[in-house]
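>>> Okay, here's the prediction I keep looking at, along with the sequence it came from:
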Amino acid sequence: MTGEIGSGTPRVGGGVRVTGAYEYVGDIRLPNVLHAKLVSLSCPRARIRSIDTSAAERVPGVRLVTTASDLPQPVPRFGPQFRDRPVLAVEETKYQGEPVAAVAGESEDAAEEAVRLVRVDYDELPAVFDVAGALAPDSPLVQDPSLRPGDAWAETNVLREHRFGWGDVDAAQSDVVVEGTYSFPMVTHFAIEPHGFMAAPDGDGVAIWSSIQHPYWLQRVIAQVLALPLAKVRVIAPDPGGAFGGKQHAKFEPLVALMALRARRPVRLILSLEQTFQAARRISTEIRVRTGFRSDGAITFRDIDANYLVGAYADISDRAVSKGSYVSCGPYRVPAARIVARSLLSHTPPATAFRGFGTPQPNWAVESNMDEAARLLEIDPLRLRTQNLARRGEIFIPGDTPADGEWEQAVRRTAEMIDWGSPLPPGRGRGIAVGLKSGPTTGLSYSTVRLLADGSAIVQAGTSDMGQGSRTLFAQFVAEELGVPVERISIVMGDTAVVPYDQQTSASRSTVLMGNAVLQACEEIRAKVRAMATRLYGIGEAAIIVERGTVRLPDREVPIEAMLKPGLGSLGGEVIGNGESRKEGEPGHPMGGTAAFYEFNCTAVEVEVDELTGDVVVARHVTVSDVGRAINPLQVRGQDEGAAIQGLGHTFMEHYVLDGSGRIRNLGAIDYRIPTSMDLPLEMHSASIENGDGPGPYGAKGVSEGALLPVAAAVAAAIRDATGAVIRDLPLTPERVWLALMSRPPEGRAAGRSAEARPGE
Amino acid sequence: MTEPDGTVVIALTVNGHRRSVRVFPHHTLLDLLRDELGLTGTKSCCLVGECGACTVSLNGRIVDSCLVLAAEADGAEVTTIEGLAVNGQLSGLQRAFLEEGASQCGYCTPGQVMAARDLLERTPHPTVGEVQEAMGGNLCRCGCYYQITAAVLAAAEAAGR
């Protein structure tokens, strides 16, 4: 396998995964390591009166008990958007599970016993844990106003309010206005690898191991917290065992680093799955959508008021709020738009990025609203989409990147694949929805490619390969550009001391941004090889072409590999190429920069609804993404189908269950269900639209998030099609579906296909 | 026999090698494999027997090693993911996982492969439904389920040839 572009090259790094040899963070055993455990409270908010660590310190094998008072004062705070999160809770805990102390011992047993013996005297305080509570004027403040000096919102739980729009919504002339409020609950990433962190003193600096997506960002955070130069902070980031956005930003690395420096020993903290539920979640939302239409189906305006409930600390959530709400009118031609989106602080686990980055929530609202509109206007939901869809080159968000794909092509393909419009038996229904996500708005990736003396190659790229398969793609790029077989290429990632800077692994950017850097590095190598050939053969550079693995001279062809030995000379060595790929921001742009590309997906499903139980079976699920160019169709399929299945999780089963005090009652794998192999659609079909029109290598766009966006709305539309029941809250549990079926007005039942099939009547 | 420090000494066979180890009575087989024997191919996640990441073969049947006490494995034959490839040669199942794209992040993969191996030992030619049911206790958050099923069926077919 030489890794041709467009081939299903098996995963680079796959061999060590199927044998269990790959070492994720939790598999790395440092000598002399201390095991850390966290002390936390079970309530969402409490005032800490005192912490008594004396009994814990006496546990044999315990080496360190750390509370906020043992940390530098004032306790360092960090965060990617706001420096709001303390290393350990100071005076007050603000979410269930926020650590108030940490223990490190020679064994996990010792640390666990010590955790049980730390006595925390505290008063539980009233908490804010839903949108209404966050907005109520008499609610407690989540954040200390002194953290936001001069901010007019500082005395409220509104972290930020974002306003976007164009045209005059109030002046729009509409025949029909469709309005609804749609809710999306708190859900969690549930990567099968729980978050893991280690730190160790490293000379006059520190080394950090973390299953993190953004090692270079973490390097900056640790350097700030410890007041160290960047060069003295080494972040080693083994490939995450699933991340999905939940591992973008620092969580407990600063704590572990401070503990390691205090203990002068390596310290290791592996979270339990229950703790990961409290470390990262998706932002929950309540979104009101009003859309105006002409009777022929043309959209006249869209008015969106979105409340996003973020956690106690912002993490990157407010950026997800702004970026997701900014594109919330979708891929449509909307003449007038008003978008108001609030980030509301609450005493809940810090919300963060999660596949789709603030977009699946408004997509659920807006695409459900479109389906309701189609029904009211008596227009086919498919036609309502295609009619309003922006065409290639059309500006659909003023000031931003125009439509960059043949999106209608994806919709038509989806319709064909699901047999849209063909008759269905009673109890069955079909639904369709589209999704649009903005790609990265800024970016910076460096890559170094090293062509070694024997013709093999090393690629240094700071992307995190968390399952999306970037190692494979980068190897394919080098195989294509330099003719090196994939099996003779090593991809080195995940070590800030070795690999040059990469801004981050998010927004499905790496194929495009790091990919372009890898291509540029290969271009530099080709230029050096051309110069080498000139020197060796005395031929002008203009007469030499270097293509894939071959140097074409006027009279013959020489493989690069054969030229390296004489070219490099008796000392050997290597040919080094450096690449740099930038996506500059734009001053004054509401997002800081235009979208590098859009991810567009169309999803259609066919469901069967059991009216006795409310159970829904997805008989067919079709997902079609505009990918520009599928570098590796095997991996594109994995990303699209995987995103679709993850979307089915929040569609049907996933949500945090909170009790009246704000405590989460379903932490862990028994009570929080994610899709298994028994929860799948009976059939799933995915396809790619490939027009080579992306900004990445060979016309690629980003892939990985699009296929998740429209799943919930497509399923709800199919349930409505089957039964007439309209549901505006996720997840679509059997109970919720059944209640919606029971509360249908008689005419609502007639709207479904199974009006006559309701048993017992 | 219990030692003065509360540990017990057990003997077991892991991937064909006889091992004698000192374990605490409350430690699980997962703890033993990962922490005492350094066999970190078996992964840890939910610790309540729901996710299947820690699946190993114990006396010829798969178990969630987080739910088995190490002491219960006294005298047992244990096979872990590290025991599948022979002299660096991947097993048919492992090859099929690679070829079908059935491993994305790869963290659940050892457990998936162990569950699939157990299925194929008992049911050499399973149907799609039998694969999905047998693998229902192995979560994959990357959502490779269709690819995993395809890999198991491909391995079954290759073994039958």
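Now that the structure is in, tell me what you want to look at.

>>> so A:Arg582 makes contact with A:Pro440?
No. Distance between A:Arg582 and A:Pro440: 11.0 Å, which falls outside the contact criterion (Cβ atoms under 8 Å). Placement of C-beta: from N, CA and C, glycine included.

>>> Can you name the residues of the stretch 551-700 of chain A sitting close to chain B?
Taking Cβ under 8 Å from any Cβ of the partner chain, the part of the stretch 551-700 of chain A that reaches chain B is made up of A:634-635, A:637-638, A:641-646, A:668-670, A:674-678, A:680, A:684.

>>> The residue of chain B found nearest chain A and A:Gly20: what is the separation?
Here chain B gets closest to chain A at one residue, B:Gly41, 2.0 Å apart by Cβ to the nearest Cβ. From B:Gly41 across to A:Gly20, the span is 2 Å (Cβ to Cβ, to the nearest Å).

>>> Mutual contacts of the two, please.
Residues within reach of B:Gly41 and of A:Gly20 at once, by Cβ atoms under 8 Å, 6 or more residues apart in numbering or on different chains, are B:80-82, B:110.

>>> Show only the entries of those residues found in helices.
Using DSSP state H, the subset of these located in helices is B:Pro110.

>>> Can you go through the shared contacts of B:Gly41 and A:Gly20 and name the buried ones?
Members of the shared contacts of B:Gly41 and A:Gly20 that pass the buried threshold by neighbour count (16 or more other Cβ atoms under 10 Å in any protein chain shown) are listed as B:80-82, B:110.

>>> just to revisit the earlier point, write the PyMOL selection for whichever of the residues of the stretch 551-700 of chain A next to chain B are buried.
Selection of buried members from those for PyMOL, criterion 16+ other Cβ under 10 Å:
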select buried, chain A and resi 634+635+637+638+641+642+643+644+645+646+668+669+674+675+676+677+680+684
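
>>> Show only the entries of the residues of the stretch 551-700 of chain A next to chain B found in strands.
Of those, the ones assigned to strands by DSSP state E are A:Met684.

>>> how about residue 61, what does it touch?
Since no chain was named, I'll use chain A. Counting by Cβ under 8 Å, 6+ apart, A:Gly61 makes contact with A:105-107, A:109-110.

>>> Please refer instead to chain B.
B:Asp118.

>>> one step back: keep only the buried ones among the shared contacts of B:Gly41 and A:Gly20 that also lie close to chain A.
Applying Cβ under 8 Å from any Cβ, the subset of these adjacent to chain A comprises B:80-82, B:110.

>>> Farthest-apart pair in those, please.
The largest separation in these, counting by Cβ to Cβ, is between B:Glu82 and B:Pro110 at 8.6 Å.

>>> any shared contact partners between these two?
A:20, B:41.

>>> which stretches of chain A have low pLDDT?
A:1-2, A:747-761 (pLDDT under 70).

>>> Please repeat the previous calculation with a cut-off of 90.
Applying pLDDT under 90 to chain A flags the ranges A:1-3, A:548, A:745-761.

>>> Where does it get nearest to chain B, residue-wise?
Closest residue of chain A to chain B, Cβ to the nearest Cβ: A:Gly20 (2.0 Å).

>>> Could you say which helix or strand holds B:Val56?
Secondary structure from DSSP states H and E places B:Val56 in strand B:55-58.

>>> With only the CA atoms kept, save whichever helix or strand comes after that strand in PDB.
Moving toward the C-terminus from strand B:55-58, the next helix or strand (DSSP H and E) is strand B:61-64. Coordinates of the C-alpha atoms in strand B:61-64 are reproduced here as PDB (Å, rounded to 0.1, in the frame of the first residue of the first chain):
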ATOM      1  CA  ARG B  61     -15.000 -17.200  28.700                       C
ATOM      2  CA  ILE B  62     -14.800 -13.400  28.500                       C
ATOM      3  CA  VAL B  63     -15.300 -11.300  31.600                       C
ATOM      4  CA  ASP B  64     -15.200  -7.700  32.500                       C
END
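
>>> Tell me which of A:Arg582 and A:Pro440 has more neighbours.
Neighbours per residue, other Cβ atoms under 10 Å in any protein chain shown: of A:Arg582 and A:Pro440, the larger number sits with A:Pro440, 23 against 14.

>>> Sweet, I'm off.
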